[in-house]
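J.: Build me a model from this:
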Amino acid sequence: MPSLTALLAALMVAVTPVAAGAADEEPTIEFFYPLVTRRPVVERELEFRFNHEKGREGRVSELSAAVEFPILPRWQVEIEVPAIFSDPKASPGQIGVGDLEIETKYQVFRSLQPRVLVAVGLAGKLPTGSESRGLGGEAAVAPFVAAGFGAGPIEVLSTIEYEWNLNAHLPGERPETLTTGVAVGWLLHRKVIPLLELTSVTPIRREDGPDAPVGRTQLYLTPGINVKPFPGTTLRLGVQLPITPARQFDYAIRAGLVWEF
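T.: As a prediction, this is how the structure comes out:
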């Protein structure tokens, strides 16, 4: 896998802006924390995330720790390390480290009145998990665009990304997936924000197999909530539900605890 790792590192560097010098601090523009949709905000945070998916082939739970830190006022890097608990119906359960995820994003537009943010970035996976044990083993890159808009108590976030799988050993074509999403949050209270997300996932290419639904768009609704129990801390929780016959799971629980530092 050294060549895949080197390729991923090169792609990450290619979309990373070059630091010409220290930039002045800019006013902070904040948005709520969605459960699936990406945020365009540059953050300095430690986050613990929990995801649980139940499908026809079994259950998978993932507990991960992520650190997000700004290199410049508009440029952020994120590293996420997951632990996976797999409980398939047809084989024994497995526990282990999943695929390391790295993300970089840069804000290309920002406005205070109205509140608008637009960021571009690149997310990548390194195959640190065991594919044979069902714990990952995927190398992939996904360029994305994320945007946010706020007007009064309403905030809207949106994202679009295209993921390429880099695993050379897969039979047939390497998988490619287009994902889009929009999330709406209502600032009900300074400590409570209900939210609703709509996500679409469209496999463009898939490896050979009977369950390869190329071109069949999957739609998911995710109702959820943000709660701020303490200053600088946000708890987010919701349930992701499929609304189309094409689906990756029957339901998924999404949760996270964010600590700003």
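J.: Would you agree A183 is in contact with L196?
T.: Yes: A183 lies in contact with L196 (Cβ atoms under 8 Å); the separation is 7.2 Å. Yep, even glycine has a C-beta here, placed from its N, CA and C like the rest.
J.: Among these two, which residue is more densely surrounded?
T.: Neighbours around A183 and L196, counted as other Cβ atoms under 10 Å, are more numerous at A183. The numbers are 26 against 15.
J.: Contacts only, for that one.
T.: When the contact criterion is Cβ atoms under 8 Å, 6 or more residues apart in numbering, the partners of A183 are 32, 34-37, 156-158, 195-198, 222.
J.: Quick one, which of the residues you listed are buried?
T.: Among these, those scoring as buried are 32, 34-37, 156-158, 195, 197-198, 222 (criterion: 16 or more other Cβ atoms under 10 Å).
J.: Next, format these as CSV and append pLDDT, secondary structure and distance to F109.
T.: Written out in CSV, the entries for those read as follows (pLDDT from 0 to 100; DSSP: H, G, I helix; E, B strand; the rest coil; distance: Cβ to Cβ, whole Å):
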residue, pLDDT, secondary structure, distance to F109
F32, 98, coil, 19
P34, 99, coil, 19
L35, 98, coil, 25
V36, 98, coil, 23
T37, 98, coil, 18
V156, 99, strand, 15
L157, 99, strand, 15
S158, 99, strand, 14
L195, 99, strand, 23
E197, 99, strand, 22
L198, 99, strand, 23
T222, 99, strand, 26
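J.: For stretch 222-235, buried residues please.
T.: Going through stretch 222-235 with 16+ other Cβ under 10 Å, the ones that come out buried are 222, 224-226, 228, 234.
J.: what about it, how long is it end to end?
T.: With Cα to Cα, to the nearest Å as the measure, stretch 222-235 spans 16 Å from end to end.
J.: Show me the contact partners of it.
T.: Surrounding stretch 222-235, the residues in contact under the criterion Cβ under 8 Å, 6+ apart are 32-36, 183, 185, 190-199, 236-241, 254-261.
J.: Just the buried residues out of the residues you listed, in PyMOL syntax.
T.: Listed next is the PyMOL selection for buried residues among the contacts of stretch 222-235, using 16+ other Cβ under 10 Å:
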select buried, resi 32+33+34+35+36+183+185+193+194+195+197+198+199+236+238+240+254+255+256+258
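J.: separation between the nearest residue to F48 once chain neighbours are set aside and T199?
T.: Nearest residue to F48, sequence neighbours excluded (Cβ to Cβ, 6 or more residues apart in numbering): L257, at 4.9 Å. Between L257 and T199 the computed distance is 22 Å (Cβ to Cβ, to the nearest Å).
J.: what does I243 give?
T.: Using Cβ to Cβ, which is the criterion applied here, I243 is 10 Å from T199.
J.: before we move on, what about A66?
T.: When distances are taken as Cβ to Cβ, A66 and T199 turn out to be 20 Å apart.
J.: for Q107, same thing?
T.: Separation of Q107 from T199 (Cβ to Cβ): 23 Å.
J.: now do I84
T.: With distances defined as Cβ to Cβ, the gap from I84 to T199 amounts to 21 Å.
J.: now swap in L122 and tell me
T.: L122 sits 20 Å away from T199, taking Cβ to Cβ as the criterion.
J.: And for E43?
T.: Between E43 and T199 the computed distance is 21 Å (Cβ to Cβ).
J.: partners of the helix or strand hosting the residue nearest to F48, with directions?
T.: According to DSSP states H and E, L257 maps onto strand 251-260. Neighbouring strands of strand 251-260 in its sheet, by DSSP bridges, are strand 45-55 (antiparallel), strand 233-242 (antiparallel).
J.: how about low-confidence regions in the stretch 51-200 of the chain?
T.: 168-172 (pLDDT under 70).
J.: Please repeat the previous calculation with a cut-off of 80.
T.: Under the criterion of pLDDT under 80, the regions of the stretch 51-200 of the chain flagged as low confidence span 168-174.
J.: residue ranges of the strands in it, please?
T.: Counting by DSSP state E, counting those that start in this stretch, the segments of the stretch 51-200 of the chain that form strands are 58-72, 75-88, 94-97, 100-111, 115-126, 140-151, 154-165, 172-186, 192-207.
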